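K.L.:
I'll drop the sequence and a predicted model, then ask my questions.
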Amino acid sequence: MRKSMEEQFPVRQILSPEGKLIESVDGWIDDELALDMYEKMVINRTFDRKSVTMQRQGRIGTYAPFEGQEATQVGSAMALDDQDWLFPTYRDHAAMMTFGQSILRVLLYWKGRIEGCVPPEGKHILPPYVPIATQIPHAAGVAWSSKMKGEAVASIVYFGDGATSEGDFHEGLNFASVYNAPVVFFCQNNGYAISVPMSRQMKTKTIAQKALAYDIEGIRIDGNDIFAVYLHTRQAVEKAKRGEGPTLIEAVTYRYGAHTTADDPRKYREQEKEEKIRREKYDPVDRLRRYLESKGLWDDEKEQALVQKAETIINQAVKEMESYPAPQPEDMFEHIFAEKTWNIKEQQQQVAEESDRQRKSVQKELA
Amino acid sequence: MAYTFKLPDVGEGMAEGEIVRLLVQPGDTVAKDQPVIEVQTDKVSVELPSPVAGVVKDIPVQAGEVVPVGNPLLILETDEADGMDENGGHQTVTGDEKFESKTDEDGQQLKNVDNPVSRPRRVIAAPATRRLARELKVDIEQVQGTGPRGRVTDQDVRIFASGNGKKNVRDGEGQVSVVSTPAESASAQYREEYNPAELEERIDIRGIRKQIAEKMVRSKSTIPHVTHFDQVDVTELIDVRKRLKDEATAAGVKLTYLPFIVKAVTFALREFPVFNAMIDDDKQQIVIKKYIHIGIATDTEDGLVVPVIRDADRKSLLEIAREIESLSTRARNKALTPSDLSGGTFTISNVGGVGGMFATPVINHPEVAILATHKIEAKPVVVDREKKEFDIRDFMTISLSFDHRIIDGVQAVKFSNRIRDLLQEPLTLMLRM
Amino acid sequence: MTAKMTMVQALQQAMELKLKEDDRVILMGEDIGLNGGVFRVTDGLQAKFGEDRVIDTPLAESGIVGTAVGMALNGMIPVVEIQFLGFIYPGFEQVVSHVSRLRARTQGRYQVPMVIRTPYGAGIRGPELHSESVESFFVHVPGLKVVVPSTPYDAKGLLIAAIEDPDPVIFLEPTSMYRALKEEVPEDKYTVPLGKARVIEEGEDISIFAWGAMVQVALQAARKMKEQRGWTADVIDLRTLYPFDRDTIKASVEKTGRALIVHEAHRTGGMGAELISFINDESLFYLKAPVARVTGYDVPVPFFSLEDDYLPTVERVSRGIEQTITY
């Protein structure tokens, strides 16, 4: 009998929701790494909650929360090597910060500051991609050129379930497949493209099976199981660097909150009920904590200390963000071209004069 | 009810008129069509007849004042309540008088609408022309356009800048105001220093004089003039005229030499059509006229006017003589109509009666040539050099100015020679009649 | 050393020179390798430089442009061929959302030095959507340079300059000029600077601006009017549409006081409108007449049986010259 796609692409789990190891992680994940994973997830969750709160206070703009997806993002980003490339969407701040982007920069981004797009020196972290799936060919292209240059460098590109309907998803996978590019296509399937559930997005029951069309490896993992996320991503990254081509990973997860702070999920799903079940049964942070507690690596005291630490770190970043020098209107003309064209120069000059006039009139009023 | 008689456009697209004389006084009873005010425009002097019968209530203008077209001239109390609005189109006074002229016009006033200078306006002008006006400190809105669709051309601006020290114009409210130009401020300085009020008399340049001034500047600033001189042996012509004179007198016409000159010129023009032409400066084209309308420069009390003999080439000597007589009489009586003064293709200026040998006549722009004829004088001529034999013959000198842009010197000499030959041998003239 | 060559050959030389001298340069596109491109512009280059540098890609414009962005991010200089300008639309999002703005978004941390070459324009009896002339789409997008050669010499020099430019360049190749004329082109490397127009003929009465295939039409019309009416014109090939050569345009218009723009693109919102706006801003008070446009119409480029009626002709341009000068 022919196996169904769900059977062919089972959701792989290493850590059960109860926090029990299903298979050995020896040689891959030691206690130190597990503790690090936990700390990163907690700090990121603290960040996410703080950001939603600040958006409601008017301290930042519209914000895309990721709570519930900490394991997919933190686990996958931890699987990268320093020189690798990361292509995030607008919901992947946890992945970005895990890989090295500063909390300050991410906050600045949501504060409406272009400075939030700039990665730390030496790190290849692209700015959040807003148009859906358009980053996928970029990752394929970077990976393809890494291969051309003979570098052992991989690229990871994040996208959601909805993105798999876009042409760029297919074009990106096809190019990577044709040229055997070292890229990891990391799909966080959180069940919804804003309001549209996966069942209306595609007929297929899995996203991993789409890899078949490109004759590349496709795997489906429990996205709330950070061990599974880390392990399979790490394997995909290493495989890519060995020259064995791209992998499509479907990490099944769930976002607790709204698509963005401008969205109300109660319009399209039984929000309270679903969220409650998810949080109680499948929460990625609690799952790892149960594991750590079962191994005697974690307790309430440590939890208290970590919560304190997370708050300190986030509050510090918020303070930096809020005291960041105000942008100058002339700044918008920077970096449009390597060398400013006359049009840019002329318009920048006009804006400089305009802001000068405004400054003077404010000074006059004050006087 | 009150009726306001406004200055209509009595010329071809004129903008203003000078009140020469008031023919009625407040309190006078006037009949319909009775002349009430005499107005002089750039082109003509006319008596304006009242469109309605009634009693003069008010005359808001004075003799000597320059009034823009559309401004009130006369307010009458009239019983003629109907008919006028449909036919005469002249409005009775209402509370909001100044907005009327645009909305309620008869055929004559509709013409005003076509003329951009006759209403509150923005003149039409290319941006480059506007820049020139700014550079020359000319308020372009005051300049009358002569270009296509009434556009103000560069030349109009230059003429305006050079030709006016002081100009009465209408402002947006329809009031008369005085616009300063650089020339005026310079003369203001001069007045301060010399207190010239006692030493000088200042006469505003207006009416026909203003028209002459502008035309002369335009001509001289546009056309590269060259003048060719010659003398014509008119001994035989004198004889011919003498023989025809009495017959003409019997027909009631005074036959001068001028009709002969006109005829000679028309024949020469047929042979040399480039002299019967104009230059369209904007389109950069030479326009050859297929009709010959000869302008006769005529001296009047107010200055030079140029009435026109239409289709002179198709008229007999007698007809031309009669027409010259009639035109000059009307010119002296200021009775010329706009059509008497327009459409000329070549101008003859006969200054023989006044004296002088030669002149450099100014071409009547946009024409391309002008002929001046001078005094006839008896001169000795060598008949036989060997025998030292002389004869006495009558000579008339002529001066031909031509537009060197399109006419070359040789052509001009040939044209002049043709006129000379025709006048020297009047029989050949007859041959062509 | 020069050789007489067509625009196709000149473009080929430009790419060959850059492939030879700079390892970062790669060519990507549909049918450009073995087949040498549908217009044979890349003919023989794959044989010389191999499949990894002259790459036959899958048939996916977004994928081509998108992966090229990745290449450029990673230090390569991709020269992408889109088979026809009318086929670029699937890749348009990549051009507008990423190619044009990655430098700005990353505050200069990343740049995408790449060239998107594409044949464009009507006049070769092409099938539907093979004759588009939508240059103003790209001119409108901040962060892109838009270049259009009209001669073999310029094509080579401009393409080399475009490849060497640190910013993305949309390089539009007029199909009807690919083989229309041959001229002496240096065999060696040279560049024609971006942003500089070429004054082909100088005159006094009007400035005529054109690019691509319309340059020849403008030139012929100017010569015809000179012969028939004695009017002389500045005939100017803009060559770069963004950033266009403001100084040359301004100087010419202020000299002649009249301007005419010829483009085969649709009229409304076309590049001509931008140029008129520029002239309005800079040189209004030098104008003796309204600036005129002779353009394609606001209709899809028609099936080729009507293509000649759509395109500006020498007659239409001559009439435009006459109307402007005699205005």
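P.N.:
The structure has been received and is ready for your questions. Residues are numbered from 1 along each chain as shown, chains lettered A, B, ... in the order given.

K.L.:
For chain B, list the residues in contact with chain C, please.
P.N.:
Applying C-beta under 8 Å from any C-beta of the partner chain, one finds that chain B approaches chain C through B:126, B:127, B:128, B:129, B:130, B:131, B:134, B:148, B:282, B:283, B:284. The C-beta positions use only the backbone N, C-alpha and C, and glycine is treated the same way.

K.L.:
So which residues of chain A form helices?
P.N.:
With helices called from DSSP state H, chain A shows them at A:5-8, A:31-56, A:70-78, A:93-99, A:103-110, A:135-148, A:167-179, A:198-201, A:226-241, A:271-277, A:284-294, A:300-322, A:342-366.

K.L.:
As a markdown table, those with mean pLDDT, mean neighbour count and distance to chain C would be great.
P.N.:
Output for the helices of chain A, formatted as a markdown table (pLDDT from 0 to 100; neighbours: other C-beta atoms under 10 Å in any protein chain shown; distance: least, C-beta to the nearest C-beta, whole Å):
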| stretch | mean pLDDT | mean neighbour count | distance to chain C |
| --- | --- | --- | --- |
| helix A:5-8 | 94 | 14 | 25 |
| helix A:31-56 | 95 | 19 | 21 |
| helix A:70-78 | 98 | 30 | 19 |
| helix A:93-99 | 98 | 26 | 13 |
| helix A:103-110 | 97 | 22 | 10 |
| helix A:135-148 | 98 | 30 | 2 |
| helix A:167-179 | 98 | 25 | 3 |
| helix A:198-201 | 94 | 14 | 20 |
| helix A:226-241 | 98 | 23 | 14 |
| helix A:271-277 | 92 | 13 | 32 |
| helix A:284-294 | 97 | 21 | 30 |
| helix A:300-322 | 96 | 14 | 17 |
| helix A:342-366 | 91 | 12 | 6 |
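
K.L.:
and residue C:207, which of those helices is closest to it?
P.N.:
The closest of the helices of chain A to residue C:207 is helix A:342-366. By C-beta to C-beta, the value is 18.9 Å.

K.L.:
how far away is residue C:276 from chain B?
P.N.:
Going from residue C:276 to chain B by C-beta to the nearest C-beta, to the nearest Å gives 13 Å.

K.L.:
Please read the previous query as pertaining to residue C:154.
P.N.:
The gap separating residue C:154 from chain B is 32 Å, by C-beta to the nearest C-beta.

K.L.:
Determine the three-state secondary structure at residue C:248.
P.N.:
Classification of residue C:248 using DSSP: H, G, I helix; E, B strand; the rest coil returns helix.

K.L.:
Quick one: neighbours of it, just the number.
P.N.:
20 (other C-beta atoms under 10 Å in any protein chain shown).

K.L.:
give me phi/psi at the nearest residue to it once chain neighbours are set aside?
P.N.:
In this structure, residue C:248 finds its nearest non-sequential neighbour in residue C:197, 4.4 Å apart by C-beta to C-beta, 6 or more residues apart in numbering or on different chains. The phi/psi pair for residue C:197 (degrees, to the nearest 10) reads phi -80, psi 170.

K.L.:
Verify the contact between residue C:197 and residue C:239 for me.
P.N.:
Yes - under the criterion of C-beta atoms under 8 Å, residue C:197 makes contact with residue C:239 at 5.7 Å.

K.L.:
where do the contact lists of those two overlap?
P.N.:
residue C:245 (C-beta atoms under 8 Å, 6 or more residues apart in numbering or on different chains).

K.L.:
So which of these two has more stuff around it?
P.N.:
residue C:239 (26 against 19).

K.L.:
so what's the residue of chain C found nearest chain B up against?
P.N.:
Taking C-beta to the nearest C-beta, chain B has its nearest neighbour within chain C at residue C:285, 3.5 Å off. Neighbour list for residue C:285: B:127, B:128, B:130, B:131, B:134 [criterion: C-beta under 8 Å, 6+ apart].

K.L.:
how about 10 Å then?
P.N.:
By C-beta atoms under 10 Å, 6 or more residues apart in numbering or on different chains, the contact set of residue C:285 is B:126, B:127, B:128, B:129, B:130, B:131, B:132, B:133, B:134, B:135, C:254, C:257.

K.L.:
Filter those residues down to just the buried residues.
P.N.:
When neighbours are counted using 16 or more other C-beta atoms under 10 Å in any protein chain shown, the contacts of residue C:285 contain these buried positions: B:126, B:127, B:128, B:129, B:130, B:131, B:132, B:133, C:254, C:257.

K.L.:
Give me the subset of the residues you listed lying in strands.
P.N.:
In this view, these have no member that belongs to strands under DSSP state E.

K.L.:
List the contacts of the residue of chain B found nearest chain A.
P.N.:
Residue of chain B nearest chain A, by C-beta to the nearest C-beta: residue B:127 (21.3 Å). Contact analysis of residue B:127 by C-beta under 10 Å, 6+ apart lists C:257, C:280, C:283, C:284, C:285, C:286, C:287, C:288, C:289, C:290.

K.L.:
Just the buried residues of the residues you listed.
P.N.:
Among those, the ones that count as buried by 16+ other C-beta under 10 Å are C:257, C:283, C:285, C:286, C:287, C:288, C:289.

K.L.:
Turn those into CSV, including distance to residue A:122.
P.N.:
Shown next, in CSV, are these (distance: C-beta to C-beta, whole Å):
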residue, distance to residue A:122
C:257, 58
C:283, 50
C:285, 55
C:286, 54
C:287, 55
C:288, 60
C:289, 60
